[in-house]
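# Any chance you can model this:
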Amino acid sequence: MTVQDIRAFNRFYTNVIGALDYGRHLYAPYTLTEARVLYELAHSAGTDAADLRAELHLDAGYLSRILNRFEKDGLIERGPSERDPRRRRITLTAPGREAAGLLDERARETVGALLATVPPEDRPRLAEAMRTVRTILGGGRAARPEAPEDVVLREPGPGDLGWIVQRNGALYAAEFGWNTDYEGLVARIVADFAEDHDPHLERAWIAELEGRPVGCVMCVRDEAPGTARLRLLLVEPDARGLGIGDRLVTAVVDFARGVGYRDLVLWTNDVLTAARGIYQRHGFVLVAEKPHRSFGKDLVGQDWRLDLRATPE
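Numbers count the residues shown, from 1 in each chain. Down below sits the predicted model:
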């Protein structure tokens with residue numbers, strides 16, 4: 001490998017992702033650097049100028065001008081740091097979070113359109129190649145393994161519900177050989193949620209890692225009074241081992257208990273051993289199981305129940 005190889009790759013990749021194409025309005029009215037600063041502030045519970053400067057390798061004067069502009073535009077607030085009184089803590093205001101959210105949405109749409117051109121069977125190879133580049137060239141913090149604290153749980157944004165359908169269909173076909181009947185079932189569940197759900201009693205979560213969705217789950221009302229149903233728990237294969245499934249189930253349990261449901265139920269199949277282990281750790285009890293023929297396979301369906309009135313261990 002030569003210097004020219006790396007420079008050629010850089011030119012190719014920045015062109016593919018449109019990093020320099022301001023005609024696409026990805027960052028407008030901000031520069032690429034300003035958009036990155038907004039992203040870091042939006043994904044941090046609290047930081048200061050020194051943290052940002054070190055994280056992004058920015059000149060102190062340049063960063064100061066960016067922050068002054070943000071403060072003038074009402075996007076950030078500065079206050080005393082809890083860690084060091086000599087520093088100033090920087091947080092996004094509501095308009096700042098809105099601006100960061102808009103930029104993030106544009107980026108998601110752009111990357112989603114790019115990823116849509118990659119055949120599903122090639123995506124694991126692509127992800128592994130990207131991890132290899134980061135590991136070899138990153139060094140230090142950039143090359144560290146992904147950690148549980150890197151995962152963010154959030155509400156679905158534009159396109160995320162479609163992602164839930166697509167990934168469920170693709171993953172269960174790849175891992176268990178299920179046919180499109182399962183994808184059709186997921187599509188109906190998601191469509192029902194999108195068209196008619198009570199946000200006070202029903203909710204969905206997306207687990208995000210480094211700006212991409214890697215997991216999901218839903219909590220919806222069941223037909224039985226006082227009962228919620230957990231649905232569509234999924235974690236991407238390359239994100240497993242970070243406790244994402246546990247966090248998603250915890251989110252559902254806490255939400256269902258908090259809004260006053262008495263019971264939380266779910267239906268799964270015995271072949272999903274990893275998911276069953278998560279349910280058992282959270283106190284779910286197997287109440288019934290029955291053989292059935294679905295999704296092109298002979299399966300054993302299982303009904304699980306959690307008493308939300310019981311005191312959590």
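# So Met129 belongs to a strand, correct?
Careful, residue 129 is Ala and not Met. No: counting by DSSP: H, G, I helix; E, B strand; the rest coil, Ala129 is not part of a strand but helix.
# where does the closest residue to Glu236 other than its chain neighbours fall, phi/psi-wise?
Counting by Cβ to Cβ, 6 or more residues apart in numbering, Val214 is the residue found nearest to Glu236 once chain neighbours are left out, at 4.3 Å. C-beta coordinates here come from the backbone N, C-alpha and C atoms, glycine included. Main-chain dihedrals, Val214, degrees, to the nearest 10: phi -130, psi 0.
# At which residues are the helices of the protein located?
All helices of the chain, identified by DSSP state H, fall at 3-17, 32-42, 49-56, 60-72, 94-116, 123-138, 160-176, 180-195, 244-258, 273-281.
# of all those helices, which lies closest to Asp303?
Asp303 lies closest to helix 273-281 among these, at 11.0 Å (Cβ to Cβ).
# what's the weakest-modelled helix or strand in this protein?
strand 47-48 (a mean of 76; mean pLDDT, DSSP states H and E).
# that older thread, dump the residue contacts of the residue nearest to Glu236.
Listed by Cβ atoms under 8 Å, 6 or more residues apart in numbering, the contact partners of Val214 are Val151, Ala207, Glu208, Val235, Glu236, Asp238, Ala239, Ile244.
# Could you rerun that using 7 Å?
Ala207, Glu208, Val235, Glu236, Ala239, Ile244 (Cβ atoms under 7 Å, 6 or more residues apart in numbering).
# out of the residues you listed, what pair is the most spread apart?
Between any two of the contacts of Val214 (Cβ to Cβ), the greatest distance is 12.1 Å, for Glu208 and Val235.
# From what I see, Gly177 and Lys297 are in contact.
Yes: if you go by Cβ atoms under 7 Å, Gly177 and Lys297 touch, sitting 6.5 Å apart.
# who has more neighbours, those two?
Set side by side, Gly177 and Lys297 show more neighbours around Lys297, with 16 against 10, by other Cβ atoms under 10 Å.
# Provide a list of residues in contact with the more buried one.
Counting by Cβ under 7 Å, 6+ apart, Lys297 has contacts Phe176, Gly177, Trp178.
# remind me which residues of the stretch 51-200 of the chain are low pLDDT?
The stretch 51-200 of the chain contains residues with pLDDT under 70 at 81-86, 138-149.
# pLDDT at the residue positioned nearest the centre of the chain, what is it?
Compute the mean C-alpha point of the chain, and by Cα atoms, centre = their mean the closest residue is Glu208, 1.8 Å away. Looking at Glu208, its pLDDT stands at 91.
# which ones among the contacts of Val214 are found in strands?
Judged by DSSP state E, the subset of the contacts of Val214 located in strands is Ala207, Glu208, Val235.
# my read: the last one touches Asp246, true?
It stands for Val235. No: the criterion here is Cβ under 7 Å, and Val235 misses it with Asp246 at 9.8 Å.
# Have a look at these two and say which one is more surrounded.
Using other Cβ under 10 Å as the criterion, Val235 and Asp246 rank with Val235 on top: 26 against 15.
# From Pro156, how far off is the more buried one?
16 Å (Cβ to Cβ, to the nearest Å).
# Val217 too?
With Cβ to Cβ as the criterion, Val217 and Pro156 are 11 Å apart.
# what about these two, which has more around it?
More crowded of Val217 and Pro156, by other Cβ under 10 Å: Val217, with 26 against 20.
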